[in-house]
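> I need the structure of the sequence given here:
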Amino acid sequence: MSDAQATNQNTTAADAWDRQWQEHWSKVGMPGYELPLGGPDSDDREFLGTTRSLEKEEQRLERIHAELSHAFQTLVSVGPAVTVFGSARFPEDHRYYQLARSVGAELAKAGFATMTGGGPGIMEAANRGAHEAGGASYGLNILLPHEQAANPYVDTSIEFRYFFTRKVCLVKYSCAFIVMPGGLGTLDELFEAATLIQCQKIGPFPLVLVGEEFWDGLRKWGRFMMDQGVFAQDEIGFGRITDSPVEAVDLIVRSLPADLKGRLKPLPS
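A predicted model of the protein is given here:
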């Protein structure tokens, strides 16, 4: 390929990228990005809607503080708890839903409280399994434009406006994490938990991925990343992959220090 052909190809790709984004913004509207006061041709509507100001930042801080304060007060007595992450999109008849339901039941039997994002799909399934087995079931629900409602299997539900405050609480009150199949949100939660454990900001807590087939690509990618030198095996030794809810919960129990393990109250057989 000549330099001129390469340039034309890059220009065509860039034009396609530009059209894609212009089409996207024409459908969903402009992003909610705030600019500092003082831009050209700003009118009252822009000032009220899109201008960044110290007053608005302080109001945002108050909302964040109130959200965390309410969650801390509600969850202060929770534990030991395990957070289950996973997709909201799997219906009740999907095998991953049933797998997560079994995970919730096994957590309850072992004496853990089950904590999820509180929504449908995998979250509902894990809460349902815990609830049906007689264990504690918590849902930390995020308020979304399409009004995600808390699933009916949570004993206690907390609503969050901000994803990051919700993740703080899902991590803060857990002594282990089980990650079921999921999409971008699940990957975000998985890698945040893994980073915090790797950097010794929390834990060391076990991070168990359930679904051998689903996570096989991630396993291969992890090996490639290790070969590239971006982390070492001992930095991710807290992670395991399994297909068995019984094994997943057993791995967690075995990983706990004796004093924490002693606080578990397994359900009667």
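> so where's the stretch 101-250 of the chain uncertain?
Scanning the stretch 101-250 of the chain for pLDDT under 70 picks out 145-148.
> So which residue is dead centre in this protein?
In the chain, the centroid-proximal residue (C-alpha atoms, centre = their mean) is E189; its distance is 3.2 Å.
> Helix or strand: which one has D216?
For D216, the host element (DSSP states H and E) is helix 212-228.
> Any idea how far that helix is from the middle of the chain?
20 Å (C-alpha atoms, centre = their mean, to the nearest Å).
> Could you pull out the strands in this protein for me?
Taking DSSP state E, the strands of the chain run over residues 35-36, 51-52, 81-85, 113-116, 137-142, 156-160, 177-179, 207-210, 239-242.
> what are the pairing partners of the second one, and which direction each?
In other words, strand 51-52. strand 35-36 (parallel) (DSSP bridges).
> burial of V84, as a residue count?
Applying other C-beta atoms under 10 Å, we find 29 residues neighbouring V84. C-beta here means a position set from N, CA and C on the backbone, and glycine is covered the same way.
> Tell me who's in contact with the nearest residue to it once chain neighbours are set aside.
In this structure, V84 finds its nearest non-sequential neighbour in A126, 4.0 Å apart by C-beta to C-beta, 6 or more residues apart in numbering. When contacts are counted by C-beta atoms under 8 Å, 6 or more residues apart in numbering, A126 is found next to V84, G86, A100, R101, V103, G104, L107, T114, T116, I178, M180.
> Relative to Y162, how far out is A126?
Applying C-beta to C-beta, to the nearest Å, the value for A126 to Y162 is 22 Å.
> State the phi and psi torsions of F205.
With angles defined as degrees, to the nearest 10, F205 sits at phi -120, psi 140.
> Which residue is the nearest non-sequential neighbour of it?
In space, and not counting its chain neighbours, F205 is closest to A176: 5.1 Å by C-beta to C-beta, 6+ apart.
> list the contacts for the nearest residue to G121 once chain neighbours are set aside?
In this structure, G121 finds its nearest non-sequential neighbour in A88, 4.0 Å apart by C-beta to C-beta, 6+ apart. Residues near A88 by C-beta under 8 Å, 6+ apart: G117, G119, P120, G121, I122, M123, Q148, G185.
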